[in-house]
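In: pasted the sequence and its predicted model underneath.
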Amino acid sequence: MTTTLINTSAHSAGYTDKLLLPHWAEIVKIIPEIEGVTTFQLKFTDPEVENRYRFEPGQFNMLYVPGYGEAAISMSSDLETANGLLVHTIRHIGNVTRGTSRLKVGDVVGIRGPFGTSWPLDAIEGLDVVIACGGIGLPPLRGAIYRIIRNRDKYGKVTLLYGARTPKDLIYPTEYETWQKAGIDMQVTVDRGDETWTGRVGVVPMWFYHFRVDPHKTAVLTCGPEIMMRFVIYEALARRIPSDHIYISLERNMKCGQGACGHCQQGPYFICKDGPVFPFSALENIFNVEEY
Amino acid sequence: MTDKSLTIGSTVALPKPELDLLMADLRKNGFQTVGPHLQDESIVYTKIDGLKDLPRGILSEQNPASYRMIQTGKDRYFDFIPGGQSWKQFLFPPRHTLFTAVKDGKWLLKENDEPTPRYALIGVRACELAAIHIQDRVFLREDFSDPIYRLRREGLFILAVNCLDPDATCFCVSMGTGPRLAAGFDLCVTELDEVFLVEVGSELGRSLLADRTYDLPSAFVQNTANQALERAAESMVRTMDTSDLPGLLTGQLEAERWTEVGKRCLSCANCTLVCPTCFCWDATDQVDILGKSTRRERVWDSCFNPHYSYVVGGNTRPNIRSRYRQWLTHKLGAWKGQFDVLGCVGCGRCITWCPAGIDLTEEVAAIRAEVKA
């Protein structure tokens, strides 16, 4: 069986021929989201780079903090919604991302990108869309959500399943109402509620127990902890959604973004250039192999 | 003999001292001559100034986890079999500064503007040339061309050497890469006791050789060389059955053998460092103590290093079993799909330099046996 990978037209204005040489971008705004998670709005210092730079939701940048190194960070918006700014929502958990937590407005970071494949928003036109994400898996899908909202009539029923550990861990809570009004069925769930929580309690894949999908006209986009995605895929396949209509964004250690440094390999793929977004049909033989 | 009779494909008999002069000519033309040298009881590849630096009358005896030098006292320069180092260090430097970022109010980037060295590799074996051709596919792709590798590769001069006495860890015949060289060199030497037989492979090689004193090789000399080359191929004891690779390994991700080899492997990364085709690298920042400047470097990395597959929340390959499986299923499996060639040339370095004596030909055979059982 051969599976065609997602073909993203490369918009590599932020890429230079010099190995790992970044373009500087200035921090325009810092938005604290939840404990340990911050959104940065960035503007390239070189206007020419800014003018050339385009990306598709689902792609990522290599973000460089001098002295700390680089980390692969997904785009957390799209250029239209962010007025041309780059938006990265970052969880401060590794060496580099903890370095970003010390940055202030006016500081610069290095940017290389965009890299990788994107959410197949054209290919899934006409289908119902289930977006299933957990925790820090929402930011890489937010650009896709904006894009779907702007082209709402091109899609069938759109459902956003979003889960977090507690109500305090939900990212972008102020936007949910806007999304709901724009025609997205918001299904928010938490692992543990608190005294104010009146919503759903449970994990993301459980949504499939309660709602019907039409397997012939449904696409699933999923991003989050690998264990969550594993069960989302399991539930989707059990409902006979074809594996090439299930799209998953993978995370691996990355140093280059160009399929060169070797780190992000999984089976035949370099996740940074063949992914991070894959149709599950491309991963069927390797996704469940432990430690592969 | 006149210059005109020399063309690409010609073979001449070159008196041994003439090679010294040829290397001097290379240096005059801006090349650094690098080649085999006996150092610390091992053959290393380093800067050489002529025949005097070559390992004259030296053989090695290589076995799994064992490397010994033997003095033969023979007046021969290229009898050695390569040691732990490979030519990869010259095209893909183990440590290379990419740029320096300096904070002077704001951060400024200073690119590394060191001139690219021009290397003349002296004594490249068939397996090693095959390894360079494999790395060409890795580093010089349509969608990504590594600038550091590309500049070094474009300026490269290759003096190849036919292998006449393979070691016990060699299996290039199985991999179809040697011991005889076919193409891809500037000059190719077959060493006999009294003379070098030199084949011309490029215009640059031809013009360098044209300035030297040489003879047409006698039929006897050519016969001797041919027989020696045939003997070399026949004398290779180690083999690897490559039939149904890559599918054999990529279809056996849950083989028992991975667990078994995982117990013996120390995850020391020696195999990946000595491998002439392994290409993984890391990038690190070397920061000055005041935090005002940082040097960004590219360094060799290995899929056996614990941090290699680190992601938030842990390591995707915490166990040695999965790291060894990654290495072998990549080299003899996924590599084929990625670069349309297997990632092994049969040089045997990973067998010799593995402190646990793990032999990939044995591992492949064990997995093959598991499939049949």
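Out: Here it is on my side, so go on. Residues are numbered from 1 along each chain as shown, chains lettered A, B, ... in the order given.

In: list the contacts for the residue of the stretch 101-250 of chain A found nearest chain B?
Out: Evaluated by Cβ to the nearest Cβ, the stretch 101-250 of chain A has A:V108 as its residue closest to chain B, separated by 5.6 Å. To be clear about C-beta, it is placed using only N, CA and C from the backbone, and glycine gets the same treatment. Each residue near A:V108 by Cβ atoms under 8 Å, 6 or more residues apart in numbering or on different chains is listed here: A:W24, A:A25, A:E26, A:I27, A:T45, B:K106, B:W107.

In: that one - nearest residue in space that isn't next to it in sequence?
Out: The shortest distance from A:V108 to any residue that is not its chain neighbour, by Cβ to Cβ, 6 or more residues apart in numbering or on different chains, is 4.5 Å, and that residue is A:W24.

In: and the one you found, how far from A:R54?
Out: Noted for A:W24: a distance of 19 Å to A:R54, by Cβ to Cβ, to the nearest Å.

In: neighbour count winner among the two?
Out: Remark: of A:W24 and A:R54, A:W24 carries more neighbours, 21 against 14, as counted by other Cβ atoms under 10 Å in any protein chain shown.

In: using the record's domain definitions, break chain B down for me.
Out: By the assignment in automatic domain parsing, chain B contains the domains B:3-234, B:247-372.

In: using the three-state scheme, assign the residue nearest to A:V108.
Out: strand (DSSP: H, G, I helix; E, B strand; the rest coil).

In: can you give me the end-to-end span of stretch B:89-98?
Out: The distance separating the two terminal residues of stretch B:89-98, taken as Cα to Cα, to the nearest Å, comes to 16 Å.

In: also stretch A:79-97?
Out: 23 Å.

In: contacts only, for A:R192.
Out: Contacts for A:R192 were tallied using Cβ under 8 Å, 6+ apart; they are A:R165, A:T166, A:V201.

In: from memory A:G143 sits against A:M75, does it?
Out: Yes - shown here, A:G143 and A:M75 form a contact pair, counting by Cβ atoms under 8 Å, at 5.4 Å.

In: and for the two, which residues touch both?
Out: Once Cβ under 8 Å, 6+ apart is applied, the residues that A:G143 and A:M75 both contact turn out to be A:P57, A:G58.

In: picking up where we left off before, among the contacts of A:R192, which lie within strands?
Out: A:V201 (DSSP state E).

In: got the contacts of A:R192 as JSON lines, with pLDDT columns?
Out: What follows is these, written out as JSON lines (pLDDT from 0 to 100):
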{"residue": "A:R165", "pLDDT": "96"}
{"residue": "A:T166", "pLDDT": "97"}
{"residue": "A:V201", "pLDDT": "95"}
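
In: Serialize the contacts of A:R192 to TSV and add fields for neighbour count.
Out: As requested, those are exported to TSV (neighbours: other Cβ atoms under 10 Å in any protein chain shown):
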residue	neighbour count
A:R165	12
A:T166	13
A:V201	12
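
In: want to try a markdown table for the contacts of A:R192, with distance to chain B as columns?
Out: Putting these into a markdown table (distance: Cβ to the nearest Cβ, whole Å) gives the following:
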| residue | distance to chain B |
| --- | --- |
| A:R165 | 14 |
| A:T166 | 18 |
| A:V201 | 23 |
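
In: ok, so of the contacts of A:R192, who is nearest A:F278?
Out: The shortest approach to A:F278 among the contacts of A:R192 belongs to A:R165, at 26.3 Å (Cβ to Cβ).

In: okay, that closest one and A:G36: tell me how far apart.
Out: Computed as Cβ to Cβ, the A:R165 to A:G36 distance reads 12 Å.

In: A:R147 too?
Out: Using Cβ to Cβ, one obtains 28 Å as the distance from A:R147 to A:G36.

In: looking at the two, which one has more neighbours?
Out: Neighbours were tallied for A:R147 and for A:G36 using other Cβ under 10 Å; the higher tally belongs to A:R147 (19 against 15).

In: ok, now which ones touch the nearest residue to that one once chain neighbours are set aside?
Out: Across the structure, with Cβ to Cβ, 6+ apart as the measure, the residue nearest A:R147 apart from its sequence neighbours is A:L121 (5.4 Å). A:L121 sits next to A:E56, A:P57, A:A144, A:R147, A:I148, A:N151 when contact means Cβ under 8 Å, 6+ apart.

In: and A:L121, what's its pLDDT?
Out: A:L121 is assigned a predicted lDDT (pLDDT) of 97.

In: next, count neighbours for A:P279.
Out: Around A:P279 sit 22 other residues, with neighbours defined as other Cβ under 10 Å.

In: quick one, phi/psi of it?
Out: With angles defined as degrees, to the nearest 10, A:P279 sits at phi -70, psi 140.

In: any idea what it is bridged to?
Out: Residues in a beta bridge with A:P279, per DSSP bridges, are A:Y247.

In: isn't it up against A:I246?
Out: Yes - under the criterion of Cβ under 8 Å, A:P279 lies in contact with A:I246, with a separation of 6.9 Å.

In: picking up where we left off before, isn't the residue nearest to A:V108 right next to A:F44, touching?
Out: Yes - taking Cβ under 8 Å as the definition, A:W24 is a contact partner of A:F44 at 7.3 Å.

In: find residues that contact each of the two.
Out: When contacts are counted by Cβ under 8 Å, 6+ apart, A:W24 and A:F44 are jointly contacted by A:I111.

In: hang on, the earlier thing: the residue nearest to A:R147 in helix, strand or coil?
Out: Under the three-state scheme (three-state DSSP), A:L121 adopts coil.

In: so what does it have for phi and psi?
Out: Torsion angles, degrees, to the nearest 10, at A:L121: phi -70, psi -30.

In: where does pLDDT dip in chain B?
Out: Per-residue confidence for chain B (pLDDT under 70) gives these ranges: B:1-4.

In: which strand runs longest in it?
Out: Among all segments of chain B classified by DSSP E, the strand with the greatest residue count is strand B:95-104.
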